[in-house]
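In: Below: sequence and its predicted model.
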Amino acid sequence: MSLFLCVDCGGSKTSAVIADRSGTILGRALGDAVRVAVSNALKTCVSPPSINPISLPPNTELFASAWFGISGVDSPAASTNASIALSALLGIPMGPRLVVANDTHLLAAPLRLHPDIKHAIAAIGGTGSCVVSFQHEPSGMLSELARTGGWGWILGDEGGGFHVGRETMRQMMYDAARSSLGMEPSPPSSLKAKVLERFGIQGVENAPEVLPVVHLPEPSLTAETAATVPSYLLVAREKRLSQLAPLVFEAAFKDKDPFALNVLRICAGGLADQIAMLCREPGEDQSVKPRAVEAKETVLCYGGSLVGIEDYRELVNEALAEKGHVFKYVEFVDDAAAVGAVGLASLGIGLGGK
């Protein structure tokens, strides 16, 4: 059979999509692991269709080629290790028919839809963030030029969910500091009230009491004692902040809360800074950043839950425009695995000796 498999392995889910040589999508599935997602996606691709998941590795050669975008695969060694395991799982030999790379590579797939340009920047803005630039090679494949971000919540993740939660708390602490100086109080904020309520704190004037809640380590609990502990203490410390992001977005775009909107402008500016780092400044000598791209000749491909919200993407685009970076094309990729499978089929790798 001539099937083309693309799997998007993100931080919270695995999405598998299978297309035929014409680019028609035949099967798709979500799962918590590659084996589950791929075997379920295959059910509608075999003849006759199967009710049960297809066992892996298959007893016949099903896939012409496969493309895996895996969160956390950021080095040649990591790619090789993953390729060895996936080769055995799918029955695809190591080599050009099996492409294993970071999940940002899938986001850049729309570059193939724009023959008038040869560069793309993929910007992930979800729980974390990462930005990677690519070049379209004559072979049809995408080669990575440069990257920034993807450093995790301790060192970065600007513009992602953790940054949104952290910046919310920072701005609340700044307001408390201004209040201690006797300065004019900030306007009422629906977001501040929601955040404090979430952490069981009454009164905006008591905002500093949230600091111990943010910094307390996860307790070691038995099933009996867990029932008496507030739910926010049962999650990892970084999630206490990243889980605030939905409150911030609701307050900013639904309640029109100026405080929340300011938080998101700061965070969007952080993501814009990362994107701009991979771009050549208008009029800048190419020798200064030889591998940088020009925004006016590049497609910017967004992916991730936060930048999936159009109003937030617009904040990032506005921050980029202020820096002089206006992209020729801007796209949001909400189904990276599907775009990748269709793009892989268009290359025809694994068919006719390709």
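Out: Perfect, I can see it now. Numbers count the residues shown, from 1 in each chain.
In: Show me which positions of stretch 244-252 end up buried.
Out: L244, A245, L247, V248, F249, A251, A252 (16 or more other C-beta atoms under 10 Å). Bear in mind the C-beta positions are built from the backbone N, C-alpha and C, glycine included.
In: Kindly report the same for stretch 75-88.
Out: Buried-residue list, stretch 75-88, by 16+ other C-beta under 10 Å: S79, A82, S83, L86, S87.
In: now do stretch 179-192
Out: Neighbour-count burial for stretch 179-192, with 16+ other C-beta under 10 Å as criterion, is recorded at S179, S186, S189, S190, L191, K192.
In: and those, which of them are in helices?
Out: Counting by DSSP state H, these place S179, S190, L191, K192 in helices.
In: and which of these is nearest E167?
Out: E167 lies nearest to L191 out of those, by C-beta to C-beta, at 11.4 Å.
In: That closest one touches T168, doesn't it?
Out: Yes: counting by C-beta atoms under 8 Å, L191 touches T168, with 6.9 Å between them.
In: Now for these two: what residues contact both?
Out: Residues touching both L191 and T168 (C-beta atoms under 8 Å, 6 or more residues apart in numbering) are V248, A260, V263.
In: Tell me which residues touch the second one, please.
Out: Applying C-beta under 8 Å, 6+ apart, one finds that A260 lies in contact with T168, S189, S190, L191, V248, F249, A251, A252.
In: Could you check how far it is from S87?
Out: Distance of A260 to S87, computed by C-beta to C-beta, to the nearest Å: 47 Å.
In: do the same with the first one
Out: Between V248 and S87 the distance is 43 Å, computed by C-beta to C-beta.
In: Name the residues that touch the helix or strand encompassing R35?
Out: Element membership for R35, per DSSP states H and E: helix 34-41. For helix 34-41, the external contacting residues (C-beta under 8 Å, 6+ apart) are 5, 7, 9, 14-18, 27-31, 53-56, 68, 86, 89-90.
In: would TSV of the buried residues of stretch 244-252 with secondary structure, pLDDT and distance to S143 be doable?
Out: Listed next are the buried residues of stretch 244-252 as TSV, based on DSSP: H, G, I helix; E, B strand; the rest coil; pLDDT from 0 to 100; distance: C-beta to C-beta, whole Å:
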residue	secondary structure	pLDDT	distance to S143
L244	coil	92	38
A245	helix	94	33
L247	helix	95	40
V248	helix	97	37
F249	helix	97	35
A251	helix	96	42
A252	helix	96	38
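In: of those, closest to M277?
Out: Nearest to M277, judged by C-beta to C-beta, of the buried residues of stretch 244-252 is A245 at 23.3 Å.
In: I'd say the closest one and Y312 touch.
Out: No: contact between A245 and Y312 fails when scored by C-beta under 8 Å: they sit 10.0 Å apart.
In: so what's M173 up against?
Out: Contacts of M173 (C-beta under 8 Å, 6+ apart): A207, P208, L211.
In: swap in I54?
Out: S39, L42, K43, V46.
In: measure the closest residue to the last one other than its chain neighbours to A338 for me?
Out: Leaving aside its sequence neighbours, V46 sits nearest to I54 (C-beta to C-beta, 6 or more residues apart in numbering; 6.2 Å). Spatial separation of I54 from A338 under the definition C-beta to C-beta is 20 Å.
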